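**Student:** Sequence first, then the predicted structure:
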Amino acid sequence: MIEVLDLTKRYGRTLAVDRLSFTIPSGHVTGFLGANGAGKSTTLRAILGLDRPTSGSALVHGRPYAAYDRPLTVVGAVLDAAAVHGGLPVRTHLRVLARSNAIAPARVDEVLDEVGLTPVADRRVKALSLGMRQRLAIGGALLGDPATLIFDEPLNGLDPSGIGWFRSLARRLADEGRAVLISSHLMSEMALTADRVVIIGSGRLLAEEPLDALGSSLEDAYLRLVHHA
Ligand SMILES: Nc1ncnc2c1ncn2[C@@H]1O[C@H](COP(=O)(O)OP(=O)(O)OP(=O)(O)O)[C@@H](O)[C@H]1O
């Protein structure tokens, strides 16, 4: 579970996030939506302790991310799949990640299987396609069997079967009782994957609702909210 509490982040004169509060509950897939520059990445970085809030806070299971000794076992995140260091073989990359969080090495092969990368486990990361890198980043997020998962634009580079695979994975993770947050601009896909949404505009909360409370299509509801903000 994630709680964003009155979060504000300023970069110089830019108010990127403005007294934002919302909750990402366990057992649900929450779509995190907003126009370019609305403040989504800034909020995710604050949740993951990568950026210090100007005021307010972001808590994961009641504590700031930075307070955890083995953070991968608490929250798994995919922020920028292309940012993975390219020189190591795929399996080694996950082993290094696992070791850094005292995760059993046997978990690496389970995760490789789960994300469909066992056949390329000995290839260097830099030799992977964008979709395979996305799967590797998702694997890294799953490694610690965390109760909370954050995926920022997870569908980049995935082919249609990969998109279907990710949709089922997100659903299953929520059905297992985990909190799943997905930030994406792909409304039709979000409508199929999420069961609730948090919509922000200019750093402020515009809606926090179950998907079926929005009536009409998600895209129509989103455009209405964003244009009237
Ligand atoms: N490091 C930074 N320094 C200065 N301004 C920043 C920084 N990071 C973000 N901003 C500004 O904060 C605002 C929110 O940006 P943010 O990246 O959080 O939006 P976003 O919703 O993730 O957008 P997108 O959908 O385009 O990824 C924007 O005006 C952006 O220019």
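**Tutor:** Here it is on my side, so go on. Numbering: from 1, shown residues only.
**Student:** Alongside the ligand, which residues does this structure contribute?
**Tutor:** Residues of the chain found near the ligand (C-beta under 6 Å from any ligand atom) are 11, 14, 16, 34, 36-42. (Glycine included, C-beta is placed from N, CA and C.)
**Student:** what ranges of this protein fall below the confidence cut-off?
**Tutor:** 81-82 (pLDDT under 70).
**Student:** can you give me the helices in it?
**Tutor:** Using DSSP state H, the helices of the chain run over residues 40-47, 90-100, 106-114, 130-142, 160-175, 187-193, 218-228.
**Student:** Can you lay out those helices as CSV showing mean neighbour count?
**Tutor:** Shown next, in CSV, are the helices of the chain (neighbours: other C-beta atoms under 10 Å):
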stretch, mean neighbour count
helix 40-47, 23
helix 90-100, 18
helix 106-114, 16
helix 130-142, 22
helix 160-175, 16
helix 187-193, 18
helix 218-228, 16
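**Student:** Next, format these as CSV and append distance to residue 62.
**Tutor:** Shown next, in CSV, are the helices of the chain (distance: least, C-beta to C-beta, whole Å):
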stretch, distance to residue 62
helix 40-47, 13
helix 90-100, 23
helix 106-114, 25
helix 130-142, 21
helix 160-175, 20
helix 187-193, 27
helix 218-228, 30
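**Student:** And these: which comes nearest residue 27?
**Tutor:** Closest of these to residue 27 is helix 160-175, at 5.8 Å (criterion: C-beta to C-beta).
**Student:** could you check the angle helix 130-142 makes with that closest one?
**Tutor:** If you take axes from the mean of the first three to the mean of the last three C-alpha atoms, to 10 degrees, helix 160-175 sits at 10 degrees to helix 130-142.
**Student:** which residues are in contact with helix 160-175?
**Tutor:** With contact meaning C-beta atoms under 8 Å, 6 or more residues apart in numbering, helix 160-175 is reached by 27-29, 114, 116, 131, 134-135, 138, 149, 151, 154-155, 158, 180, 182, 189, 192-193, 195.
**Student:** got the angle for it vs helix 106-114?
**Tutor:** Here helix 160-175 runs at an angle of 130 degrees relative to helix 106-114 (the same axes, to 10 degrees).
**Student:** Just give me how far helix 160-175 sits from the chain centre.
**Tutor:** Helix 160-175 sits 13 Å away from the centroid of its parent chain (C-alpha atoms, centre = their mean, to the nearest Å).
**Student:** Using CSV, list the CA coordinates for it.
**Tutor:** The C-alpha trace of helix 160-175 is given here as CSV (Å, rounded to 0.1, in the frame of the first residue of the first chain):
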residue,chain,number,x,y,z
PRO,A,160,0.8,-7.4,-28.7
SER,A,161,1.4,-10.7,-26.9
GLY,A,162,3.7,-9.0,-24.4
ILE,A,163,1.0,-6.4,-23.7
GLY,A,164,-1.5,-9.2,-23.1
TRP,A,165,1.0,-11.0,-20.9
PHE,A,166,1.6,-7.8,-18.8
ARG,A,167,-2.1,-7.3,-18.4
SER,A,168,-2.6,-10.8,-17.0
LEU,A,169,0.5,-10.3,-14.8
ALA,A,170,-0.8,-7.1,-13.3
ARG,A,171,-4.2,-8.6,-12.6
ARG,A,172,-2.7,-11.7,-11.0
LEU,A,173,-0.4,-9.6,-8.8
ALA,A,174,-3.4,-7.6,-7.5
ASP,A,175,-5.5,-10.8,-7.1
